[in-house]
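Undergrad: next input, structure requested:
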Amino acid sequence: MSALQTLASADAFTGSASAIGYGLAAIGPGVGVGIIFGNGTQALARQPEAAGLIRTNQIMGFAFCEALALIGIVMGFVFK
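TA: Okay, the predicted model is just below:
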């Protein structure tokens, strides 16, 4: 079996497509985490007395963004 036939097989394309799909799905949570912690740092600098509430909201937002990343990686296996 030549390399061209291997690349043309459906299994190789499906694996590559799911990897590309997860790569694209990881962009959104990555940007979201950056925005959450960037804005949280600004908020802490402006109102240090609200640190507890701001930090709690940051952790919750981070958890939701990471859940989206995990859903993105699972979808690659579900739709294989």
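
Undergrad: quick one, longest helix in the protein?
TA: helix 51-78 (DSSP state H).

Undergrad: which parts of that helix are buried?
TA: Ile54, Gln58, Gly61, Phe62, Cys65, Ala69, Gly72, Gly76 (16 or more other CB atoms under 10 Å). Heads up, the C-betas are built off the backbone N, CA and C, glycines and all.

Undergrad: and that helix, what does it pack onto?
TA: helix 10-25, helix 27-46 (3 or more CB pairs under 8 Å, 6 or more residues apart in numbering; DSSP states H and E).

Undergrad: which one of the ones you listed has the lowest average pLDDT?
TA: Ranked by mean pLDDT, these end with helix 10-25 in last place, scoring a mean of 69.

Undergrad: ok, now how distant is Ala25 from Glu66?
TA: 12 Å (CB to CB, to the nearest Å).

Undergrad: so what sits against both of these two?
TA: Common contacts of Ala25 and Glu66 (CB atoms under 8 Å, 6 or more residues apart in numbering): none found.

Undergrad: next, count neighbours for Ala25.
TA: 19 (other CB atoms under 10 Å).

Undergrad: need the pLDDT of the residue nearest to it when sequence neighbours are not counted.
TA: Leaving aside its chain neighbours, Ala25 sits nearest to Gly72 (2.9 Å; criterion: CB to CB, 6 or more residues apart in numbering). Confidence at Gly72, expressed as pLDDT, is 81.

Undergrad: kind regards, and thank you for your time.
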